[in-house]
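In: Could you look at this predicted model? Sequence included:
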Amino acid sequence: AQSVTQLDSQVPVFEEAPVELRCNYSSSVSVYLFWYVQYPNQGLQLLLKYLSGSTLVESINGFEAEFNKSQTSFHLRKPSVHISDTAEYFCAVSEKVGSGNTGKLIFGQGTTLQVKP
Amino acid sequence: NAGVMQNPRHLVRRRGQEARLRCSPMKGHSHVYWYRQLPEEGLKFMVYLQKENIIDESGMPKERFSAEFPKEGPSILRIQQVVRGDSAAYFCASSRTSGVNTEAFFGQGTRLTVV
């Protein structure tokens, strides 16, 4: 069975510092990988995704994640965080089925990023 | 194009009552997914529906929970005879298809409190 582990429940960091949010997954089949962000009292928004091709994927607001198949990891990084990045971040996987996916996401427990001034 | 709309945003029910959670997918989306987020936990998949069909209900509790997505109208997640352990945030997501480049868009969730 697939599972996703986010090793840190909370990550406090000062503004303009770099940050890494860790995500490991276990699956016996090929997967697609996602990071979602949830701001307070809002729904989840897709931050970035890995489907195929380059193992390094980037978002429009400076986040990036690298798919590492040998380590079954998909860690999220940002070289310099802002106060506005304070939110909860969820890593998720979706199982490949044929040429597509099932649409069903398996989520990690979430990591709360707290950016301090 | 409005996003995924869930209502109510907050719902309080007494033990033994019924809870009905509604989800209107984005325009043109015919795939709906329901997830539950218990306190201090990540989102857990409950059920996947297409119009009038349940495709995957492997995450649904065997009793008291049901879901539908009729031809007309929103998807409904129904919880009968609620118990305190049902208190959680329930999120709905919708997608146009289930193919490789399809993105699932999430609603803001319904926070159910059972007192």
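Out: Cool, the structure landed.

In: any low-confidence regions in chain B?
Out: The model of chain B has pLDDT under 70 over residues B:1, B:98-101.

In: Can you pull up the most central residue in it?
Out: Geometric centre of chain B, nearest residue: residue B:34, 3.5 Å, by C-alpha atoms, centre = their mean.

In: hey, what's the residue nearest in space to the middle of chain A bridged with?
Out: Residue closest to the average C-alpha location in chain A (C-alpha atoms, centre = their mean): residue A:35, at 3.1 Å. Listed by DSSP bridges, the beta-bridge partners for residue A:35 are residue A:48, residue A:91.

In: What are the neighbouring residues in contact with it?
Out: A:23, A:46-49, A:59, A:63, A:65, A:74, A:76, A:89-92 (C-beta atoms under 8 Å, 6 or more residues apart in numbering or on different chains). (Each C-beta comes from the backbone N, C-alpha and C, glycine too.)

In: quick one on the thing from earlier: right, and the residue nearest to the centre of chain B touches residue B:78 too?
Out: No - Residue B:34 is beyond contact range of residue B:78, at 10.8 Å (criterion: C-beta atoms under 8 Å).

In: Which neighbours do these two have in common?
Out: Residues touching both residue B:34 and residue B:78 (C-beta under 8 Å, 6+ apart) are residue B:67.

In: Excluding sequence neighbours, find me the nearest residue to residue A:38.
Out: residue A:88 (4.6 Å; C-beta to C-beta, 6 or more residues apart in numbering or on different chains).

In: re the thing from before, so where does the residue nearest to the centre of chain B fall, helix or strand?
Out: Assessed by DSSP states H and E, residue B:34 sits inside strand B:31-37.

In: so after that strand, what's the next helix or strand?
Out: strand B:43-50.

In: can you tell me if that next one touches chain A.
Out: Yes - contact of strand B:43-50 with chain A (C-beta under 8 Å from any C-beta of the partner chain) involves B:43, B:44, B:45, B:48.

In: One more: stretch B:105-115?
Out: Yes - using C-beta under 8 Å from any C-beta, stretch B:105-115 reaches chain A at B:105, B:106, B:107, B:108, B:109.

In: what comes up buried for that stretch?
Out: B:105, B:106, B:107, B:108, B:109, B:110, B:111, B:112, B:114 (16 or more other C-beta atoms under 10 Å in any protein chain shown).

In: and if you look at stretch A:79-98?
Out: In terms of neighbour count (16+ other C-beta under 10 Å), stretch A:79-98 has its buried residues at A:81, A:85-96.

In: taking those residues as a set, which two sit the farthest apart in space?
Out: Comparing all pairs in the buried residues of stretch A:79-98 by C-beta to C-beta, the longest separation belongs to A:86 and A:96, at 33.2 Å.

In: ok so, going back, just give me the closest of the contacts of residue A:35 to residue B:87.
Out: residue A:90 (20.2 Å).

In: With adjacent residues omitted, what lies nearest to that closest one?
Out: Residue A:90 sits nearest to residue A:36 (C-beta to C-beta, 6+ apart), 4.5 Å away.

In: Next up, the contacts around that neighbour.
Out: Counting by C-beta under 8 Å, 6+ apart, residue A:36 touches A:44, A:45, A:46, A:47, A:89, A:90, A:92, A:107, B:106.

In: same question, residue B:92
Out: B:4, B:6, B:21, B:23, B:25, B:32-35, B:75, B:77, B:106-107, B:109.
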